[in-house]
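**Student:** Build me a structure from this.
(chains A and B)
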Amino acid sequence: MTPVIEAERLRKVYRSRFGTRRIEALGGIDLSVGPGEVFGLLGPNGAGKTTAVKVLLGLTRPTEGTARLFGTSVADPESRRRVGYLPEGHRFPGYLTARQTLSIFGRMSGMERSVLDTRIPELLDRVRLSDWADVKVKKFSKGMTQRLGLAAALVHDPEVLLLDEPTDGVDPVGRREIRDLLRHEASRGRAILLNSHLLSEIELTCDRVAVLRRGKVAAEGRIADLTAQGSRYRMTASPVDDALLSAFRESGASVERVNGHLVLGTRDLAHVNALVDTLRARGGMLAELSPVRSTLEDVFVDLVRTGEEEERTP
Amino acid sequence: MRAWAASVEEVFREASARWTLLAYFALSSLFILLFALAVNLDIVDGALAGAKLFGRDLDLGGEKIDMDQLVLGFETGFSGFLYMLGTFLALFATAHLVPRLQEKGTIDLYLSRPVGRTKLLLARYSGGLLLAAANLLYLIGSIWLIVFWKTGVAHGRFLLGGAVILFTIACLVAFAFLVGVVTSSTAVSLMVTYAVFFFSALLSAREKIAAAVSSEFSANLVRTLYWIFPKTAELGRATVSLVSGGEAFQRAVGQVDHFAVYASTGLFGLASLGLAAWLFSRKDF
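**Tutor:** Numbers count the residues shown, from 1 in each chain, chains lettered A, B, ... in the order given. Model prediction:
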């Protein structure tokens, strides 16, 4: 599968006006997104997510490394012909109506007016703005502006979508609709790079994610793989006394009592079996043992905290 | 071409929505209407036999005045007024085009389209210039038509004066774009460009200033600045001269090196626009 979005050793250093301060927003990241894939970019504030997207769009020039869209360098404006972008906190000219906005941005993407005449009503209907087609954008609520932004990103039927916080300010029903829309676009082979703080949204929408931390990729992979990492098990057994818990801890496991069961942090499968043996050797009965799947939020928080601890360690 | 047309359309829609266009047309129309209604001329055999201003008879001293000369005199005086008014209004109507484009949350929307940055800036520049030209054409064209309607005299030179005004506007708007790219501020763009307009006019007296300053270095600096900056005073005189034709034109030709004035001002405009485009294309957003 040939990637449609590629970044290699992408580095971006911002310098203050007189060059006295340097901030490394991106520290050499690699990214690759294929057709039909929904890729999530996660990270705390200032992790470099927006900078990465801006470099991919040629809005910001990388200090080092290369970025390509469809194999074309992002420095070439033509690389953006098949790209739809929804920036965070976008501001469409308030004096334009929704229809005029889509017409102007559609033509800027090279579309003919006659094609837009049929495309625009379809799109407005898709984002539930048909009744507002001829109302000036300045009268739109935040959610409506966001939906218009999505329509503007889709107006030229792009093959790649770069979306920065697409559900920001949108109500739960609207979010669901946007999620469905993105999944539909992905099913048509469109590659989507989603940048969001809402981990639940990412978890529901994306196939693969990368977690950025201080400009570097801290983790990358399929959500299922990332959340399956770690060896945490939920054990329900009886009797559970302090002596048993001490024995578990002495073996190196972490033990936590949660609502009548134990959550065990183990090294590997052999370690789990050893804990079961310890239980049985003490006359205990095992009622339930199941792996605990982390949420994306758990993974994210762990990665961010680990990073913070590493920075504190001299 | 489609992207260019879309950009130009947006400039006009913005001007219309922000009342700039409407206010300009309303003020111009009011002026034109007043002029059309206020002046009533009694013309006999191509000469002015009597005139009324706001319904009151004007004393012409019993003489018949040559209509062609009268119209020429009016157009000459009016062209000087239009030079200032047209330039100032055009700058006011276009100085925001770059700062607004560069606003956070807006610039991303434009630059994410497959349009090069230089093309985008030039499309906006040409949109602004078309807007200024439309305003100017309306004002000058209407006055020209009214004069023709009232007097039967038509001087093409009066319309040509508009071309010199537009040339001045093109150079100053280019400079306003440069300041806009650097500062992202409409207010600063306007202030600096107006300052350049007046400073350049002062520099037209460069030899007098050079004679008054104490050192040769300062005198040379004044002369150098004169050739760097646009020749706003000379262009104003050129407008009037072009419209007046005849003696005034000859006098002006004798005083001003027209080629040098147009060439150096044009270079200033081109350099400003080129620098603006270069800086805009290198900017991180």
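**Student:** Every contact and neighbour count from this point should use C-alpha atoms.
**Tutor:** Fine.
**Student:** what mean pLDDT does the host helix or strand of B:Glu234 have?
**Tutor:** Counting by DSSP states H and E, the element that carries B:Glu234 is helix B:232-244. Helix B:232-244 comes out with an average pLDDT of 87.
**Student:** roughly how far is it from the heart of the chain?
**Tutor:** Here helix B:232-244 is found 11 Å from its chain centre; the criterion is C-alpha atoms, centre = their mean, to the nearest Å.
**Student:** got the contact list for the helix or strand that contains B:Arg223?
**Tutor:** For B:Arg223, the host element (DSSP H and E) is helix B:216-228. By C-alpha atoms under 8 Å, 6 or more residues apart in numbering or on different chains, the surrounding residues in contact with helix B:216-228 are B:200, B:203-204, B:206-207, B:209-211, B:213, B:264, B:268.
**Student:** how many other residues sit next to A:Ala253?
**Tutor:** By other C-alpha atoms under 10 Å in any protein chain shown, 20 other residues sit near A:Ala253.
**Student:** nope, B:Met1 is what I was after
**Tutor:** B:Met1, neighbours per other C-alpha under 10 Å, totals 10.
**Student:** residues in contact with residue 137?
**Tutor:** No chain was given, so I picked chain A. With C-alpha under 8 Å, 6+ apart, A:Val137 has these contacts: A:92-98, A:145.
**Student:** right idea, wrong chain: chain B
**Tutor:** For B:Leu137, the contact set (C-alpha under 8 Å, 6+ apart) comprises B:Gly162.
**Student:** Would you tell me what helix or strand it is located in?
**Tutor:** helix B:117-151.
**Student:** Going C-terminal from that helix, what's the next secondary structure element?
**Tutor:** helix B:156-183.
**Student:** Skipping adjacent residues, who's closest to A:Leu275 in space?
**Tutor:** In this structure, A:Leu275 finds its nearest non-sequential neighbour in A:Phe248, 6.4 Å apart by C-alpha to C-alpha, 6 or more residues apart in numbering or on different chains.
**Student:** Kindly report the same for A:Thr295.
**Tutor:** Nearest to A:Thr295 is A:Thr227, by C-alpha to C-alpha, 6+ apart, at 5.8 Å.
**Student:** The one you found and A:Pro291 touch, don't they?
**Tutor:** No - at 11.4 Å, A:Thr227 does not count as touching A:Pro291 under the criterion of C-alpha atoms under 8 Å.
**Student:** any low-confidence regions in the chain?
**Tutor:** Answering for chain A, as no chain was given. For chain A, applying pLDDT under 70 flags the ranges A:1, A:228-230, A:308-314.
**Student:** if you could check chain B rather than the one you did, that'd help
**Tutor:** Short version for chain B, where the test is pLDDT under 70: B:39, B:42-65, B:246-256.
**Student:** how about the residues of it that lie near chain A?
**Tutor:** B:2-4, B:6-7, B:10, B:13-14, B:17-18, B:104-106, B:108-116, B:283-285 (C-alpha under 8 Å from any C-alpha of the partner chain).
**Student:** how about a cut-off of 6 Å?
**Tutor:** With the criterion set to C-alpha under 6 Å from any C-alpha of the partner chain, chain B comes near chain A through B:2-3, B:6, B:17, B:105-106, B:113-116, B:284-285.
**Student:** In helices only, show me those residues.
**Tutor:** B:2-3, B:6, B:17 (DSSP state H).
**Student:** Most distant residue from the centre of chain A?
**Tutor:** Distance from the C-alpha centroid of chain A peaks at A:Gly283, with 47.4 Å (C-alpha atoms, centre = their mean).
**Student:** buried residues in the helix or strand encompassing B:Ser272?
**Tutor:** Per DSSP H and E: B:Ser272 is located in helix B:258-282. Under the neighbour-count criterion of 16 or more other C-alpha atoms under 10 Å in any protein chain shown, helix B:258-282 has B:261-262, B:264-277, B:279-281 buried.
**Student:** returning to that earlier point: does the residue farthest from the centre of chain A count as helix, strand or coil?
**Tutor:** With DSSP: H, G, I helix; E, B strand; the rest coil as the basis, A:Gly283 sits in coil.
**Student:** quick one: it from A:His156, how far?
**Tutor:** Per C-alpha to C-alpha, to the nearest Å, A:Gly283 is found 69 Å from A:His156.
**Student:** how about the spatially most central residue of chain B, what does it touch?
**Tutor:** With distances taken as C-alpha atoms, centre = their mean, chain B has B:Thr87 as the residue nearest its mean C-alpha position (3.2 Å). Going by C-alpha atoms under 6 Å, 6 or more residues apart in numbering or on different chains, B:Thr87 touches B:Ile169.
**Student:** and with 10 Å instead?
**Tutor:** Residues near B:Thr87 by C-alpha atoms under 10 Å, 6 or more residues apart in numbering or on different chains: B:93, B:132, B:136, B:165-170, B:172-173, B:194, B:197.
**Student:** Mind giving me the PyMOL command for buried ones among the residues you listed?
**Tutor:** Here is the PyMOL selection string for the buried members of those, based on 16+ other C-alpha under 10 Å:
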select buried, chain B and resi 93+132+136+165+166+167+168+169+170+172+173+194+197
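**Student:** List the buried residues in stretch A:140-155.
**Tutor:** Within stretch A:140-155, the residues scored as buried using 16+ other C-alpha under 10 Å are A:140, A:143-155.
**Student:** Measure how far that stretch is from the centre of its chain, please.
**Tutor:** Distance, centroid of stretch A:140-155 to centroid of chain: 20 Å (C-alpha atoms, centre = their mean).
**Student:** wait, doesn't B:Arg282 sit right on A:Pro62?
**Tutor:** No - using C-alpha atoms under 10 Å as the test, B:Arg282 is too far from A:Pro62 to be in contact (11.6 Å).
**Student:** coming back round to it: can you check what angle separates the helix holding B:Glu234 from helix B:258-282?
**Tutor:** Angle, helix B:232-244 to helix B:258-282, by axes from the mean of the first three to the mean of the last three C-alpha atoms, to 10 degrees: 130 degrees.
**Student:** Return the alpha-carbon coordinates of helix B:232-244 using PDB.
**Tutor:** Output in PDB follows, covering the C-alpha atoms of helix B:232-244 (Å, rounded to 0.1, in the frame of the first residue of the first chain):
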ATOM      1  CA  THR B 232       3.800  61.600  -5.200                       C
ATOM      2  CA  ALA B 233       4.000  65.400  -5.600                       C
ATOM      3  CA  GLU B 234       5.200  65.100  -9.200                       C
ATOM      4  CA  LEU B 235       2.600  62.600 -10.100                       C
ATOM      5  CA  GLY B 236      -0.100  64.900  -8.700                       C
ATOM      6  CA  ARG B 237       1.300  67.600 -10.900                       C
ATOM      7  CA  ALA B 238       1.500  65.200 -13.800                       C
ATOM      8  CA  THR B 239      -2.200  64.400 -13.400                       C
ATOM      9  CA  VAL B 240      -3.100  68.100 -13.500                       C
ATOM     10  CA  SER B 241      -0.800  68.700 -16.400                       C
ATOM     11  CA  LEU B 242      -2.200  65.800 -18.400                       C
ATOM     12  CA  VAL B 243      -5.700  66.900 -17.900                       C
ATOM     13  CA  SER B 244      -5.000  70.600 -18.600                       C
END
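**Student:** That one to helix B:156-183, inter-axis angle?
**Tutor:** 160 degrees.
**Student:** Which elements pack onto helix B:232-244?
**Tutor:** When contacts are defined as 3 or more C-alpha pairs under 10 Å, 6 or more residues apart in numbering or on different chains; DSSP states H and E, helix B:232-244 packs onto helix B:67-94, helix B:156-183, helix B:186-203, helix B:246-255, helix B:258-282.
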